[in-house]
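Peer 1: here is my input; please provide its structure:
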Amino acid sequence: MKNILLILCLSLPLMACEKVGNAVLEKAIGEIPESSAVQDAKAQQLFTALVEKNEIKVYQLVELDVHKLLNNNPQVLPEIFEIMPDHVIEPKEVVYRAKTVDLKVGKIFSVTYYYDYPDKPIRFTVIFKGHEGGAKVLGLFVTPDQIQQVTETE
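Peer 2: All right, here's what the predicted structure looks like:
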């Protein structure tokens, strides 16, 4: 009985600290806003450039830090081009948004768009500079959704 009481006495302050920590974090970061119309338009332009395998347009739409990253890793764009479908559609929905602070670049806002292609759904994440709805692209990720066929066995 003493052990249970001791565990409870030790765990209650920890739970309180976690709640205070979460409240402070929410207050510091604030509410996560919707992506702006400018961000959505920029993301769609970037997605279209990737589908069209238009390297020049991709470079025009991203910041200089991304240029350096792509130049230092020349295999990245061809790998992304391989993942991309052969035609452009509108995103079905925004499935993820996050405001974070990166030690190197400062405030960033990430948006993940879901493109519902029948054979190969795509999750397309764009990282924007700042939390204010700006359209400077600091990074991007393309992830094919894993579709697994479910078969019934008797």
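Peer 1: for the residue nearest the centre of the chain, helix, strand, or coil?
Peer 2: Central residue of the chain (Cα atoms, centre = their mean): residue 125, 3.9 Å from the mean position. Look at residue 125: counting by DSSP: H, G, I helix; E, B strand; the rest coil, its state is strand.
Peer 1: for residue 56, see how far away it is.
Peer 2: Distance of residue 125 to residue 56, given as Cβ to Cβ, to the nearest Å: 22 Å. Backbone N, C-alpha and C define where each C-beta goes, glycine included.
Peer 1: show me what counts as buried in stretch 55-73.
Peer 2: 58, 61-63, 66, 70 (16 or more other Cβ atoms under 10 Å).
Peer 1: how about residues contacting stretch 41-48?
Peer 2: Stretch 41-48 is touched from outside by 35, 57-58, 61-62, 88, 90-91, 111, 113, 115, 124, 126, 128, 135, 137, 140, with contacts defined as Cβ atoms under 8 Å, 6 or more residues apart in numbering.
Peer 1: and those residues, which of them are buried?
Peer 2: 35, 58, 61-62, 91, 111, 113, 115, 124, 126, 128, 135, 137, 140.
Peer 1: sweet, I'm off.
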